[in-house]
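Q: The following comprises the amino acid sequence and a computationally predicted model.
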Amino acid sequence: MISPFLKSIFSFFILASVLLSCKKENKVNANEILLRQLDKTISEKKSFEIKKKRKINHLKSKINIGGNSDSINFQLNYLIVEEYLGYQCDSAYSYSYANEELALKNKNNSWLYQTLIQRSVLLSTSGLFLESENILNKINQKNLPLPLRFSYNSAYECLYSNLLDYTGEENLYGKIYKKKLADYYESAYTSLKPNDPFYYLFLSHKNRIDDDWESANNNIDKFLQTTKAGTRLHAIGSYCKAVIEAKLGNIDSQEKFLIYSAISDLQSSTKENRSMQELASVEYKKDDTERAYNYIQSALEDANFYNARFRSIQISKVQPIIENSYLLTINSQNTKLRWSVFLISFLLLGLVVTTYFIYRQLKIIAKSRNELSLLNTDLKATNAKLDEANHVKEEYVAFFINQCSIYLKKFEKYKNLIAKRLSVGQIDKLTEMVNNKNSVELDLNDLYISFDKAFLRIYPNFVTEVNKLIKKDSQYEVTDVLNTELRIYALIRLGINDAAQISDFLRYSLRTIYNYKSKVKAKSVIENDDFEAKIMEIGSINAQ
């Protein structure tokens, strides 16, 4: 019986558990559901990468196919670089240089500018800002085809946006970059028409530079309406939305759009990203150190994979802070866990004392049941053997009675024949009859056939079971008569293990019996030492 004191303790802990559960349920808001979705998406990161690689490999497989024009190969190279852009920058350069060669070969300035602009973006996203700027500075904007004006301004915007991101806004260079960024934002969106989705993206950027955050918010919403979840554009738009919401003081909304952005980055295998890094900081401020730690590790892994040098530097500034806090949280949890273990141990000690005698009784009962079960198993096995033995006895008693009857009739027939021939003095015919070996062989053959039929009535599957023990190319034909090899092992199955007895019954020498046995074992697919044991396991029809 549990004491009233222990009952009170149990009641207290049950009540506490219920209250804690209720408290946790209240905390499960919309953002928490999104965070769980993000955690699940992180666990599936590898599967999204596999899809990305398949898409890239599919594009690669189309390059230089017989009959491809330079124009087709140029477009394929361009698409491959676009796929690598944001995924793994180092792998994209060879395809960019291949396109440059195609542009020079065809003296196509449009292709050349398109390639250089794309490479500039590639360089700036990986942290090679000077190299990116050098490429853009070499492009004469006056000679630039009209369709490439937006890409040109967008490349500059990408460069100065990353530079501003790297240096910050507070220093002299940050202010210079911000001023240039504003100019390129304006150049980018004014080169587009209002029905172009990117018009609203860059207009929103310009609004942010001008501190018009409400307009920035409205325009980024218009851009987001044109994007699809799980794409890089959706990730970019959601991140921009999160920045604006943070500036407007909407922290929950900031967190929500950072989650949207991070999920789309993962689903599109975009490794050059900011959302996961920023989300780690948001979760850190919410004291969700475990998630903050997981997210900053994911962000660092992506930055290293992409080889974005300046992202790695940015992450390294906040990573130690989050890691230290995470370790402190783990230590605190370990302390609580130790106290919990101590308290549980105390309660368990009381339970052990209370249940000791019950356990002993259950152990005795279990032991008795096990012994009874073993006895029942042994009894069933013994009964099965007795049933089989009785079946064998019944069959062979009938067999030998029948054989005795047959031989008595033959003996009576021979007796009458001998008496008749003696009475008429046919001594020579008596001698011939006695020396007639064919008669003896016929009698033995009848005996063996009768033996086979009786045996196969008891063990109808004997030949089939023996075939399972020998190689396929050496198996016996299933008939109602046994050959000498099978007859030897049939006698063994009946318990006649003495080779001399088998020799006497089959009228063969001991050496011949051993040779037959060895011949069968040579065909075996199991160890020879186990062969006869397996023969003894072949059951009768009753046992089966």
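A: Yep, it's here. Residues are numbered from 1 along each chain as shown.
Q: residues touching residue 471, list them.
A: Applying Cβ atoms under 8 Å, 6 or more residues apart in numbering, we find residue 471 in contact with 523-525. C-beta here means a position set from N, CA and C on the backbone, and glycine is covered the same way.
Q: Which of those fall in helices?
A: Counting by DSSP state H, these place none of their members in helices.
Q: closest to residue 501 among the residues you listed?
A: residue 524 (23.3 Å; Cβ to Cβ).
Q: if I look at the nearest residue to residue 253 once chain neighbours are set aside, how far off is residue 266?
A: Counting by Cβ to Cβ, 6 or more residues apart in numbering, the nearest residue to residue 253 once its immediate chain neighbours are dropped is residue 245, at 4.1 Å. As defined by Cβ to Cβ, to the nearest Å, residue 245 lies at a distance of 21 Å from residue 266.
Q: For these two, indicate the residue with more neighbours.
A: residue 266 (25 against 21; other Cβ atoms under 10 Å).
Q: Quick one: neighbours of the nearest residue to the more buried one once chain neighbours are set aside, just the number.
A: The shortest distance from residue 266 to any non-neighbouring residue, by Cβ to Cβ, 6+ apart, is to residue 41 (4.8 Å). Look at residue 41: counted by other Cβ under 10 Å, it has 19 neighbours.
Q: Low-confidence stretches in the stretch 151-300 of the chain?
A: Along the stretch 151-300 of the chain, no part satisfies pLDDT under 70.
Q: now the helices: where do they sit in it?
A: For the stretch 151-300 of the chain, the helices defined by DSSP state H, counting those that start in this stretch cover 172-190, 197-209, 213-224, 232-247, 251-267, 275-285, 289-306.
Q: Filter the contacts of residue 471 down to the buried ones.
A: Those of the contacts of residue 471 that meet the buried threshold are 523-524, by 16 or more other Cβ atoms under 10 Å.
Q: Using a markdown table, lay out the contacts of residue 471 together with pLDDT.
A: Shown next, in a markdown table, are these (pLDDT from 0 to 100):
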| residue | pLDDT |
| --- | --- |
| 523 | 88 |
| 524 | 90 |
| 525 | 89 |
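Q: What is the nearest of the contacts of residue 471 to residue 111?
A: Closest to residue 111, out of all of the contacts of residue 471 and judged by Cβ to Cβ, is residue 525, at 69.8 Å.
Q: Burial check on residue 307, number of neighbours?
A: Residue 307 has 18 nearby residues by other Cβ under 10 Å.
Q: wait, it sits on residue 126?
A: Yes - the pair formed by residue 307 and residue 126 meets the contact definition of Cβ atoms under 8 Å, at 5.7 Å.
Q: Now do the shared contacts for those two.
A: Listed as contacting both residue 307 and residue 126 by Cβ under 8 Å, 6+ apart are 89-90.
Q: one step back: nearest to residue 513, out of the helices of the stretch 151-300 of the chain?
A: Counting by Cβ to Cβ, residue 513 lies closest to helix 289-306 out of these; the figure is 74.7 Å.
Q: Put the alpha carbons of that closest one into CSV.
A: Coordinates of each C-alpha in helix 289-306 appear next as CSV, following Å, rounded to 0.1, in the frame of the first residue of the first chain:
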residue,chain,number,x,y,z
THR,A,289,19.0,29.4,-27.3
GLU,A,290,18.7,25.8,-28.7
ARG,A,291,17.0,27.0,-31.9
ALA,A,292,19.4,30.0,-32.1
TYR,A,293,22.3,27.6,-31.9
ASN,A,294,20.9,25.3,-34.5
TYR,A,295,20.1,28.1,-36.9
ILE,A,296,23.5,29.8,-36.6
GLN,A,297,25.1,26.5,-37.2
SER,A,298,23.0,26.0,-40.3
ALA,A,299,23.8,29.5,-41.5
LEU,A,300,27.5,28.9,-41.0
GLU,A,301,27.3,25.6,-42.8
ASP,A,302,25.6,27.3,-45.8
ALA,A,303,28.1,30.1,-45.9
ASN,A,304,31.1,27.7,-45.9
PHE,A,305,29.5,25.6,-48.6
TYR,A,306,28.9,28.6,-50.8
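Q: which strands and helices sit next to it?
A: The contact analysis (3 or more Cβ pairs under 8 Å, 6 or more residues apart in numbering; DSSP states H and E) places helix 289-306 against helix 30-43, helix 275-285, helix 309-423.
Q: Perfect, that will be all.
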